[in-house]
Structures are given as C-alpha cells and as structure tokens.
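Trainee: okay, predicted coordinates and the sequence, questions at the end:
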Amino acid sequence: MDFQGKVVIVTGGASGMGEATAWAFAEAGARVVVVDRNEALARKIAGELGAEVWVGDVSDSAFCNAVVEETVQRHRRLDVLVNAAGIIVRARGEDTTDEQWRRIMEVNVGGTFFMCRAAIRAMKPQGSGAIVNFGSIWGDLGAAGVAAYCASKGAVHNLTRALALDHAKDGIRINAVCPGEVNTPMLQSERKEPVTPELLQRLADTVPMGRLAEPLEIARVVLFLASSQASYMTGSLVLVDAGFAAR
Ligand SMILES: NC(=O)c1ccc[n+]([C@@H]2O[C@H](COP(=O)([O-])OP(=O)(O)OC[C@H]3O[C@@H](n4cnc5c(N)ncnc54)[C@H](O)[C@@H]3O)[C@@H](O)[C@H]2O)c1
C-alpha cells in the first residue's frame, strides 16, 4: 500500500503493534509521528524510522491537542491517526483497585477519545482522514482476571462505532482492529506467574490456528483500514484473531 507523503500519527508507537504499525507506514512512504510515554524507546524507534516524536501521556487531553495541532501546523494536514497506546490490568473485578480502574479507563478510553477528537477537528476541514483504534477480542468477549481491561476495550469498540456515525458524511472513516493474542511486551506484562516458553505455548494452544500473532500481522490490517482500499468501511470492528472469536 502506498502512503507516500501522507501524514500519520501512531500512539503507542514505541512498542509492540504500535511500533510495527509505525514501521509499516514509514516503509509505505508516510511521514510518521510517534507518540508514546516511554521516552527512551520512543526516541530510539523514531530515530531509526526517521519519524517525529512526541513524548507524553495520551490520557492528558492538552497533550493530545498539542500533538495534533502542531503536526497539522507543520505539515498542513493529518491523513491518518492510529490509537495503539494502551495498558492492561490483570485482576479480577473484586481485586481491581480504584486507581487501576481509573487509570485503565483514562488511558485506554480517555486517551483514544482525546486523540480521536483532536484528529477529527483537524480532518473535518480537510474533508478527509482515517482513524484506526485498537480494540481487542476482549472488547466483545468476557475473560476471567481482566475485568477492567475488558470494560475498557468494550468502550473503545462502541466509541469507534459512534464516532464513525458522527462523521460518516465528513469524509472521515473510523474503524477498529481487534487483535487476538499477539506476541508483544503487553502479552507478557503484569503476569503473576513467570513468563516461560511453556506459558507462551499454553496461550498459543488457546488459539484455533495454534500460535500467537506477530505484531506485523496486525499492522498490515491497520494499514489496509487506513488506506483507500477500505474506502467503504467505517464503524467496523475487524477481528484479527486466528479464529479465536469464531467459536
Ligand atoms: N498484545 C495483545 O495480545 C493485544 C491483544 C489485543 C489488543 N491489544 C491492544 O493493542 C494495543 C497495543 O498493544 P501492544 O500489545 O502492542 O502493547 P505494548 O505494551 O507493547 O505497547 C503499548 C505502547 O503504548 C504506550 N503507552 C501506554 N500507555 C500510554 C499512555 N498513557 N500514553 C502514551 N503512550 C502509552 C507504551 O509505552 C507502549 O509503548 C493496546 O491498545 C492493547 O490493549 C493487545
């Protein structure tokens, strides 16, 4: 896919699927802006990519507004926003603290909303733009031990649908990619048991195709959704899960 000269913001672009997405856009010719709170990783990846970098927290709406406004000021446009920044809390509902609940909602839901709102305000006058949010299989299915995460991704799914309807006639398409089990730092984070090859195999065994996804396998779908090839798609939640939710 050709994104020559397109201006693309990727939040969470310093790690995992956001990083793979940033690479894929850069290889397709886009001018990429990496947004992440992890300064060291963000600067490293952006340096390797020749991308611009913004270090900060997407749960801060003023930060999100500044990223978008300055990007548009510099490039005179914004073509694509990808919201991959996210966190997980691995706890049953009864064990989830107030702070964990607030934080995951602020980052996964608030961060996605603030970036979408800022991008939409920039894209509307252009009459064009594409946004791809990161949902999850756990936004539609329930899972034990991740109650707050499931709630946050369910909110991202319906936010995506509602914003898509708000802007269906503005030339702005808004979709979500909903990955299954993907081999990224998040998959291994916050676990109470050690991350061993056996644990990863057990996770892979839960997947109909019998393996975890590599981040690039999700990034390719993000690029498709952001491209003109997906011109009739808005408000769609696209599962990329090797059959996980088909059962
Ligand atoms: N890994 C999976 O199996 C999986 C499955 C389905 C959905 N997802 C979702 O995909 C997205 C990407 O996940 P990943 O697995 O690549 O995770 P990751 O942990 O590898 O990367 C997430 C990135 O987001 C950044 N980030 C987190 N909070 C931030 C904040 N407040 N402000 C700015 N940056 C922030 C982190 O620093 C990190 O670089 C997330 O939304 C996640 O919920 C992951």
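Mentor: On my side now, so go ahead.

Trainee: pretty sure residue 82 is touching residue 119, no?
Mentor: No: applying CB atoms under 8 Å as the test, residue 82 and residue 119 come out as separate, 10.0 Å apart. Heads up, the C-betas are built off the backbone N, CA and C, glycines and all.

Trainee: quick one: which of these two has more around it?
Mentor: The residue with more neighbours, out of residue 82 and residue 119, is residue 82; 30 against 26, by other CB atoms under 10 Å.

Trainee: backbone dihedrals for the more buried one, please?
Mentor: For residue 82, the backbone dihedrals (degrees, to the nearest 10) come out as phi -120, psi 120.

Trainee: got the contact list for residue 244?
Mentor: Going by CB atoms under 8 Å, 6 or more residues apart in numbering, residue 244 touches 137, 180-181, 206-208.

Trainee: again, only this time at 7 Å
Mentor: For residue 244, the contact set (CB atoms under 7 Å, 6 or more residues apart in numbering) comprises 137, 180, 207-208.

Trainee: over to residue 123?
Mentor: Residue 123 is in contact with 78, 129, 172, counting by CB under 7 Å, 6+ apart.

Trainee: what distance do you get for the residue lying closest to the second one once chain neighbours are set aside to the ligand?
Mentor: Nearest-residue entry for residue 129: residue 123, 3.0 Å, with adjacent residues in sequence omitted and distances by CB to CB, 6 or more residues apart in numbering. The gap separating residue 123 from the ligand is 21 Å, by CB to the nearest ligand atom, to the nearest Å.

Trainee: tell me which of the contacts of residue 244 fall in strands.
Mentor: Counting by DSSP state E, no part of those is found in strands.

Trainee: now do the longest helix that the chain contains, average pLDDT.
Mentor: The residue-count maximum for a helix in the chain (DSSP state H) belongs to helix 147-166. Average pLDDT, helix 147-166: 98.

Trainee: next: stretch 131-142.
Mentor: Taken as a whole, stretch 131-142 has a mean pLDDT of 98.

Trainee: that one near the ligand anywhere?
Mentor: Yes: with CB under 6 Å from any ligand atom as the measure, stretch 131-142 is seen reaching the ligand through 134, 136.

Trainee: mind listing what's buried along that stretch?
Mentor: Buried residues in stretch 131-142, counted by 16 or more other CB atoms under 10 Å: 131-139, 141.

Trainee: again with stretch 38-56
Mentor: 38, 41-42, 45-46, 49, 51-56.

Trainee: and if you look at stretch 234-247?
Mentor: Buried positions in stretch 234-247, judged by neighbour count with 16+ other CB under 10 Å: 234-242, 244.

Trainee: could you do stretch 99-108 as well?
Mentor: Going by neighbour count (16+ other CB under 10 Å), the buried part of stretch 99-108 is 100-101, 103-108.

Trainee: dump these to a markdown table, plus distance to residue 149, pLDDT and secondary structure.
Mentor: Listed next are the buried residues of stretch 99-108 as a markdown table, based on distance: CB to CB, whole Å; pLDDT from 0 to 100; DSSP: H, G, I helix; E, B strand; the rest coil:
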| residue | distance to residue 149 | pLDDT | secondary structure |
| --- | --- | --- | --- |
| 100 | 10 | 98 | helix |
| 101 | 11 | 98 | helix |
| 103 | 11 | 98 | helix |
| 104 | 6 | 98 | helix |
| 105 | 10 | 98 | helix |
| 106 | 13 | 98 | helix |
| 107 | 11 | 98 | helix |
| 108 | 8 | 98 | helix |
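
Trainee: what residue is smack in the middle of this protein?
Mentor: residue 84 (2.1 Å; CA atoms, centre = their mean).
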